[in-house]
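1. here's a sequence, model it:
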Amino acid sequence: MSTETYDAVLIGGGIMSATLGTLLKQLQPDWRILVCERLPRVAQESSNAWNNAGTGHAALCELNYMPEGSDGSVDPAKAVSINEQFQQSRQLWTSWVNAGVLDAPSTFINATPHMTFVRGEKDVAYLKKRYESLKEQPLFAGIEYSEDSRVINQWAPLLMTRRRAGEPFAATRVPAGTDVDFGSLTRQLFDHLQSHGVDVLTDTEVRRLKKKSDGTWNVGYRRVLGKSPGSVTARFVFVGAGGWAIKLLQRSGIPEIRGYGVFPIGGQFLKTSNPAIVAQHKAKVYSQASVGAPPMSVPHLDTRVVDGEASLLFGPFATFSPKFLKNGKITDLIAQVRPGNIGPMLKVAVDNPGLITYLVGELMKNHRKKVDSLRVFMPTAKDADWELIQAGQRAQVMKKDPDKGGVLQFGTEVVTSADGSIAGLLGASPGASTAASIMLTLLGTCFADRMSEWEPRLRELIPSFGDTLNDRPVEAAASVAATATALDINV
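-> Numbering: from 1, shown residues only. The predicted model follows:
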C-alpha cells in the first residue's frame, strides 16, 4: 500500500528533472516533490559532462538545423527557433545565479566561440548562403564569415596548420558562443532542491506506473541496494529518464505512447588534455555530417571546460549497443517492441539504409582510423596525443507517420497523457540546451489551469516568456547582453 502522496514525482536525475523540479518548487513552494534516480548519483547519464557534447546548442554552428533545400534555398526558421529556446535557458540560469540557486557562472558555463568549417566548392557555397541568411537575424548578430586562410588561422590555428594548398574552404564564427557543463549545472540544481525539502532518492529504480481510479498515479520502485520495494502516490509524474523513458511510458499504459519506438546509438570521442594542443584551440567547430549519419553525429572539434580544466574533444564516432542508457540493459531494444510500434520501426529500417551503412562503417574504425577522421579537421593530429572515451547513449525516436508509415524523428519530443497527469521526454539534441523552453511547454500542457497564476513569476524568471526576441531587435540585443554580463560570458 502506498503511504505517501507527492504532488509531483520526477523520474530521472538529469537536467530535465532538475529544471522542472526547480521551476515547480519556485512556482509552488508548498508542493511535495520526489525525484527517483536509479544510479548512485544524479547527472551520471546524458547530463554527465563527458556523455554529451555540451555545446549550449544555439544553432550558431550546427548545420543540421538549417539544411539546404532541394531548390538550393536555406531557411533560417529552425535555427532561429533553437536560438530563441537557448536564450530562455540563459535567462533562467541568470535568474537562478542572481537568486543564489546556482553557484558562480564559471562553474557551469564559459564563453567559447562557435564555428562552422567546411571544405569543397559545394559546401563553401552552401555555408556562404547560410551566413548571408543568418547575418540578417538579430539573434545571430556578430556572425562572421571568411574564406581567407589567414583569418581562419587566427580564429582556430589547429584547423589551418599544414592545410593543403588550393583546397576550397570557408568558416563562420560567432564569438559569443558558450560551452556548458550540464553535469555541474544539474548537480547544483539538485543540491538546491534538497536544501528546500525535495526528496531525492538515488539507487532507486522506478518499475511500475499505474493509474488509480481517482486519477493519481501509483509509482512503484525498487531500491537497487537490498532490492527492497516501495511505492508512493503522485498527482503528477514526469518521466525524464533518457532512453528509458519509453519503457516507463509504455508501462504506464497511456495511449499516447503507442506507435513510438527508439533506436539506440552510442558514441565515442577522441580527447586530449595536452596543454600545448589545448592552448591553440578555443572554439567549438562543427562541419557537415557524413552521408547517412544522424544529426547528433555531426563531427566537431570542441573546447570543453569541466571542473575548471580545459580539454579538446573530437567526434562523435557512433557505436552500437542495444542498451537505451549507458547503464542500461541488453534487452532494452527488444523489450520495447509492441504491436503498435513494430510496423513504424520496420519502415524506418527500410527507409534509412544510409544510417545502417554509416553505423557499420563507424564500428569498423580502429583508433588510427578515428584519428585519420580528426586529421580532416586538424592535419597535424598525432595518434599518441588522443585517447578514446565512451560517451552516452542516445535514443533516436521512431514514430508512426500517416503518410510514410514510420519516420525517424530528430530532436526532442514530449509525450503527454490526455489529462496531463503524466508526461515523458523522448529524443536527444538539442535537449539539455533548451531545457527551459521544453519545460515551459510541458507546464503549459500539463498545468494549463495554473498558468495564469504562474505567469507573473515565470516572467520574472524568464523575461521573454510568451514572446519571441528575434522579431524585436532592440529587446534581443538587450537580452543577450544582459545574460552575457550576468553569466560572465562577455567576449
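2. centre-most residue in this protein?
-> Nearest to the mean C-alpha position of the chain, by C-alpha atoms, centre = their mean, lies Gly431 at 2.8 Å.
3. state the distance from that residue to Phe117.
-> Separation of Gly431 from Phe117 (C-beta to C-beta, to the nearest Å) stands at 24 Å. (C-beta placed from N, C-alpha, C; glycine too.)
4. which helix or strand contains Gly343?
-> According to DSSP states H and E, Gly343 maps onto helix 342-351.
5. so what touches that helix?
-> 259, 261, 263, 337, 356, 398-401, 404-408 (C-beta atoms under 8 Å, 6 or more residues apart in numbering).
6. which of those residues sit farthest apart?
-> Greatest spacing in these, by C-beta to C-beta: Gly259 and Ile356 (22.0 Å).
7. mind jotting down where the helices sit in the stretch 1-150 of the chain?
-> Here the stretch 1-150 of the chain has its helices, by DSSP state H, counting those that start in this stretch, at 15-27, 77-98, 121-134, 149-155.
8. and what of the stretch 351-491 of the chain?
-> Assigned by DSSP H, counting those that start in this stretch, the stretch 351-491 of the chain shows helices spanning 353-363, 367-377, 435-446, 451-461, 473-486.
9. who's the residue nearest to the residue nearest to the centre of the chain when sequence neighbours are not counted bridged to?
-> Residue nearest to Gly431 in three dimensions, not counting chain neighbours: Thr412, with 5.3 Å by C-beta to C-beta, 6 or more residues apart in numbering. Thr412 has these beta-bridge partners by DSSP bridges: Gly427.
10. how about the one 4 residues further on?
-> Beta-bridge pairing for Thr416 (DSSP bridges): Ala423.
11. ok, it - how many residues close by?
-> 17 (other C-beta atoms under 10 Å).
12. which residues of this structure score low on pLDDT?
-> 1-2, 53-54, 290-297, 429, 491 (pLDDT under 70).
13. look up how far Lys212 lies from Glu4.
-> Computed with C-beta to C-beta, the distance linking Glu4 and Lys212 is 14 Å.
14. which of the residues in stretch 371-389 are classified as buried?
-> Neighbour-count burial for stretch 371-389 flags 371, 373-374, 377-378, 381, 385-386 (criterion: 16 or more other C-beta atoms under 10 Å).
15. a markdown table for those, including distance to Pro463?
-> Formatted as a markdown table, the buried residues of stretch 371-389 follow (distance: C-beta to C-beta, whole Å):
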| residue | distance to Pro463 |
| --- | --- |
| Val371 | 46 |
| Ser373 | 42 |
| Leu374 | 41 |
| Phe377 | 38 |
| Met378 | 40 |
| Ala381 | 44 |
| Asp385 | 45 |
| Trp386 | 43 |
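16. that older thread, nearest to Arg150, of the helices of the stretch 351-491 of the chain?
-> Taking those one by one with C-beta to C-beta, helix 367-377 is closest: 18.4 Å.
17. what's the spacing between the residue lying closest to Gly420 once chain neighbours are set aside and Lys370?
-> Spatial nearest neighbour of Gly420, excluding adjacent residues (C-beta to C-beta, 6+ apart): Cys446 at 3.9 Å. From Cys446 over to Lys370 the distance is 43 Å, taken as C-beta to C-beta.
18. for Phe377, same thing?
-> 12 Å.
19. one step back: out of Gly259 and Ile356, which sits in the busier spot?
-> Gly259 (17 against 11).
20. tell me who's in contact with that one.
-> Applying C-beta under 8 Å, 6+ apart, we find Gly259 in contact with 340-341, 344, 399-400.
21. torsion angles phi and psi at Met378?
-> phi -120, psi 90 (degrees, to the nearest 10).
22. surely it meets Leu158?
-> Yes - using C-beta atoms under 8 Å, Met378 makes contact with Leu158 at a distance of 4.7 Å.
23. which residues are common contacts for those two?
-> Counting by C-beta under 8 Å, 6+ apart, the contacts common to Met378 and Leu158 are Leu301.
24. and the strands in the stretch 51-200 of the chain?
-> For the stretch 51-200 of the chain, the strands defined by DSSP state E, counting those that start in this stretch cover 109-111, 114-119, 144-146, 169-174, 178-180, 199-201.
25. as a markdown table, these with distance to Ile438 would be great.
-> Shown next, in a markdown table, are the strands of the stretch 51-200 of the chain (distance: least, C-beta to C-beta, whole Å):
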| stretch | distance to Ile438 |
| --- | --- |
| strand 109-111 | 18 |
| strand 114-119 | 21 |
| strand 144-146 | 30 |
| strand 169-174 | 23 |
| strand 178-180 | 15 |
| strand 199-201 | 21 |
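26. now for the residue nearest to the centre of the chain: which residues touch it?
-> So Gly431 contacts 16, 46, 52, 57, 412 (C-beta under 8 Å, 6+ apart).
27. kindly recompute the last result at 10 Å.
-> Neighbouring residues of Gly431 by C-beta atoms under 10 Å, 6 or more residues apart in numbering: 14-16, 46-47, 52-53, 57, 182, 242, 296, 394, 411-412, 425, 438.
28. pick the most buried one from the strands of the stretch 51-200 of the chain.
-> strand 178-180 (a mean of 26; mean count of other C-beta atoms under 10 Å).
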